[in-house]
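Q: for reference, the sequence and a predicted model appear below.
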Amino acid sequence: MSRRLTRRRPGRKRGSNGQFLLMLGLIGIVAQGLLAATLSWLSEHPWILALPVLAAVGAGLVLVLLQREATRREQARLRGLRYLVEHLDGLHYTQFEYAVRDLMRRDGYQDAQQVGGSGDNGADVKATDPFGRRWVIQCKHRRAGWSGKAVGTPDLQRLNGTGRQIHDGDVIVMLTNGRFSKRAPEFAKSQRLELVDRQLLARWAAGPTPLWELLRAVPPPRKPTALP
């Protein structure tokens, strides 16, 4: 009895394989039929193929409109940008640099950028004004404001050594929410450096007057060029 049962097992296996192949064949026939029906329907309705293209174009237009709206909002924000110097006192020094960058953009320095950090070679903010002059600004933030440590000639000497030679600046500015030492203005004048102390910063940050109109002297305009 055991031998007869053993001989029947291969037959059952062949039967299972046959059923499986038959099922695959039926699935293939159904798939071919569906594909043929789909191609036939598409040939009668070719416009349906344009829907993905139209969807992509629509998504692109929506993205462009959103970007334009974001730009419009940012321009409106910058036009109305005002800072009290007391607010600037409470910022982290990096936020202070970004605030100076935004004030530059408000005044029309469209390419103003914050570049301060490790290896900045004395520049925290760089920008090109509407007259093509390249500005290099070093920011000295003092938590204590006017009562903080004065910015002295050693700081100015470092800026003077990089502002024009490395950054190719036309207007080299040392800016602080504090004060300068007694000797700093004389050194700055001799080296054609511009100083922005707490009082001048307060005037600039709180009003619409651009910085080039508040400084004592800036170079004449030159052909506009973008910062590298």
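A: On my side now, so go ahead.
Q: Phe131 against Pro219, yeah?
A: No: look at Phe131 against Pro219 with Cβ atoms under 8 Å: they stay out of range, at 9.2 Å. Glycine gets a C-beta too; all of them are placed from N, C-alpha and C.
Q: quick one: name whatever helix or strand follows the worst-scoring helix or strand of the chain on mean pLDDT.
A: Using mean pLDDT, DSSP states H and E, the weakest-scoring helix or strand in the chain turns out to be helix 50-79, at a mean of 68. Next helix or strand after helix 50-79 toward the C-terminus (DSSP states H and E): helix 85-89.
Q: so which bits of the helix or strand just after that following helix are buried?
A: Counting by DSSP H and E, the next helix or strand C-terminal to helix 85-89 is helix 93-106. Under the neighbour-count criterion of 16 or more other Cβ atoms under 10 Å, helix 93-106 has Phe96, Glu97, Tyr98, Ala99, Val100, Arg101, Asp102, Leu103, Met104, Arg105, Arg106 buried.
Q: over to stretch 184-191?
A: With the criterion 16+ other Cβ under 10 Å, stretch 184-191 contains buried residues Ala184, Phe187, Ala188, Gln191.
Q: can you check stretch 197-212 too?
A: Residues Asp197, Arg198, Leu200, Leu201, Ala202, Trp204, Ala205, Pro210, Leu211, Trp212 are the ones in stretch 197-212 that count as buried (16+ other Cβ under 10 Å).
Q: export these to JSON lines and append columns for secondary structure, distance to Leu61 and pLDDT.
A: Output for those, formatted as JSON lines (DSSP: H, G, I helix; E, B strand; the rest coil; distance: Cβ to Cβ, whole Å; pLDDT from 0 to 100):
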{"residue": "Asp197", "secondary structure": "coil", "distance to Leu61": "50", "pLDDT": "97"}
{"residue": "Arg198", "secondary structure": "helix", "distance to Leu61": "48", "pLDDT": "97"}
{"residue": "Leu200", "secondary structure": "helix", "distance to Leu61": "46", "pLDDT": "97"}
{"residue": "Leu201", "secondary structure": "helix", "distance to Leu61": "43", "pLDDT": "97"}
{"residue": "Ala202", "secondary structure": "helix", "distance to Leu61": "45", "pLDDT": "97"}
{"residue": "Trp204", "secondary structure": "helix", "distance to Leu61": "40", "pLDDT": "96"}
{"residue": "Ala205", "secondary structure": "helix", "distance to Leu61": "39", "pLDDT": "96"}
{"residue": "Pro210", "secondary structure": "coil", "distance to Leu61": "36", "pLDDT": "94"}
{"residue": "Leu211", "secondary structure": "helix", "distance to Leu61": "39", "pLDDT": "95"}
{"residue": "Trp212", "secondary structure": "helix", "distance to Leu61": "39", "pLDDT": "94"}
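Q: thinking again about what came up before, in the buried residues of stretch 184-191, find the pair that's most separated.
A: Greatest spatial distance among these (Cβ to Cβ): Ala184 and Gln191, at 10.8 Å.
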